[in-house]
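A.B. asks: what's the 3D shape of this:
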Amino acid sequence: MYTIKTSKHFEKFTDKSGADYYVLKTHVAEQQQGFYFVSPSMDKDAKYLWFYCSFPPEPRLSLGVVDFEADEVRYFPDSVFSGLPSIEEETGCIFYSDKRYLYRRSPFKEDKPEILCNFEDAFAKKGLKIRCPYTHITFSPDKTEVFLDSQTDKGSITGVFNLKTQEYTIWSKPDFLRNHGQFNPVYKDIALTAEEFQKDENENFKSIRTDENGVFMRLWTTTRDGKEKVWPPLDLEKATHEWWSSDGTKIYYCRYLNQNDGICGVNIFTGEHKLYAPVNAWHGFSSKDDTLFVFDENDRFYRGCPSRVGLYNTKTKKKVYYNSQNPALNPPDKPNNYHLDPHPRFNANDKYIVFTTVVGGKVEVAVAVTEEIVALTE
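C.D. replies: Numbers count the residues shown, from 1 in each chain. All right, here's what the predicted structure looks like:
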């Protein structure tokens with residue numbers, strides 16, 4: 001089997017920090033991006049790497065895959081998706097959806113996508129008209145259900161769809177826009193959601209709320225019995241870009257006030273709440289043992305802004321930038337129409353870090369070898 005180091009499709013770059021990473025230089029689309037940080041894009045054995053494809057100015061995204069066994073790059077033009085996709089880590093198959101159907105497809109060109117469910121019909125049975133089925137798809141620990149943070153004609157609805165019984169069950173009906181829903185990876189009766197900026201029916205902007213106690217109401221959990229709970233960010237600051245720890249016990253998030261100042265985590269069972277990585281994190285993600293955090297940074301956010309990507313080692317309390325200078329693709333007064341943030345994430349049982357880079361002057365998929373980056377923090 002080929003790897004990012006031996007595949008003919010990748011080119012090695014060496015950062016000024018001394019870190020190496022590998023960029024997918026074979027293009028089946030004008031723009032190729034790593035997945036949003038919540039979702040894995042590689043299987044556990046690193047046989048397949050899926051990525052987003054786009055063709056400006058067409059706004060819609062579709063899918064491509066690197067097959068490391070055959071050393072081939074494939075594009076699936078019929079894979080235009082609505083909710084963000086996620087890989088099945090055991091097989092390398094991909095799950096994605098339009099606004100009606102949920103699909104599963106293999107990495108092979110000759111295979112057709114399999115329709116797993118009809119969201120439109122399921123919601124209609126509950127008297128709902130679906131507008132968006134989910135932000136990014138996540139699964140119950142036993143992989144029988146998907147969690148849906150849906151936007152409907154009656155507002156935000158959270159719930160689960162059972163892939164075996166084809167039943168849709170509502171969990172809660174939040175009173176404000178919630179998205180970025182994520183099933184707990186271990187505990188099947190709880191999910192994480194995020195309160196989000198929104199516009200009302202008159203197109204007036206509505207910010208994430210702060211309650212009477214000064215709690216910024218970004219972080220929420222919802223349970224199968226319909227109970228919701230808001231989690232105050234540390235020191236009553238603000239929170240964004242949240243995810244579950246791999247053992248399901250902690251909500252991690254990027255904390256900010258005037259600027260991002262660290263990755264924090266709260267244990268939903270013990271209440272322990274602390275700063276884990278004192279880095280200027282815009283997005284982040286944790287290793288399975290919670291000792292490593294990958295993150296991206298910016299000095300002034302807009303789509304297409306300059307950025308950098310790093311790793312923080314909690315054992316040594318050291319960080320390294322392994323993509324330390326992603327140049328601007330756009331000026332601040334003319335932001336990009338695409339979501340081009342680096343979004344680093346551990347993949348393939350933490351063996352690799354997948355992210356998006358623009359070091360070559362265009363949007364491309366990049367991969368770093370985790371142990372090589374960690375070695376620079378020891």
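
A.B. asks: Can you tell me which helices and strands the lowest-mean-pLDDT helix or strand in the chain packs against?
C.D. replies: When the helices and strands of the chain are compared on mean pLDDT, DSSP states H and E, strand 198-199 comes out lowest with a mean of 75. Counting contacts by 3 or more Cβ pairs under 8 Å, 6 or more residues apart in numbering; DSSP states H and E, strand 198-199 packs against strand 205-206. All C-beta spots, glycine's among them, are computed from the backbone N, C-alpha and C.

A.B. asks: Give me the residues contacting the helix or strand following the strand it packs on.
C.D. replies: With elements assigned by DSSP states H and E, the helix or strand that comes after strand 205-206 is strand 219-223. By Cβ atoms under 8 Å, 6 or more residues apart in numbering, the surrounding residues in contact with strand 219-223 are 158, 171-172, 174, 178, 189-195, 228-233, 239, 242, 251, 253, 266, 268.

A.B. asks: Buried ones among those?
C.D. replies: Buried subset of the contacts of strand 219-223 (neighbour count, 16 or more other Cβ atoms under 10 Å): 158, 171-172, 174, 178, 190-195, 228, 231-233, 239, 242, 251, 253, 266, 268.

A.B. asks: in the chain, what spans have low per-residue confidence?
C.D. replies: For the chain, residues meeting the criterion pLDDT under 70 lie at 200-203, 258-260.

A.B. asks: residues in contact with residue 96?
C.D. replies: Taking Cβ under 8 Å, 6+ apart, we find residue 96 in contact with 63, 79, 81, 83, 84, 85, 102, 103, 105, 137.

A.B. asks: Name whatever forms a beta bridge with the first one.
C.D. replies: Just to be clear, that refers to residue 63. residue 52, residue 76 (DSSP bridges).

A.B. asks: That one reaches residue 79, doesn't it?
C.D. replies: Yes. Residue 63 is within contact range of residue 79, at 4.1 Å (criterion: Cβ atoms under 8 Å).

A.B. asks: shared neighbours, those two?
C.D. replies: 94, 96.

A.B. asks: More neighbours: the two, which one.
C.D. replies: Between residue 63 and residue 79, counted using other Cβ atoms under 10 Å, the more crowded position is residue 63 (25 against 21).

A.B. asks: give me every residue that touches that one.
C.D. replies: Applying Cβ under 8 Å, 6+ apart, the residues contacting residue 63 are 50, 51, 52, 53, 75, 76, 79, 81, 85, 94, 96.

A.B. asks: now the closest residue to the second one other than its chain neighbours: how far from residue 340?
C.D. replies: Spelled out, that is residue 51. Nearest non-adjacent residue to residue 51, counting by Cβ to Cβ, 6 or more residues apart in numbering: residue 365, 4.7 Å away. Counting by Cβ to Cβ, to the nearest Å, the gap from residue 365 to residue 340 is 12 Å.
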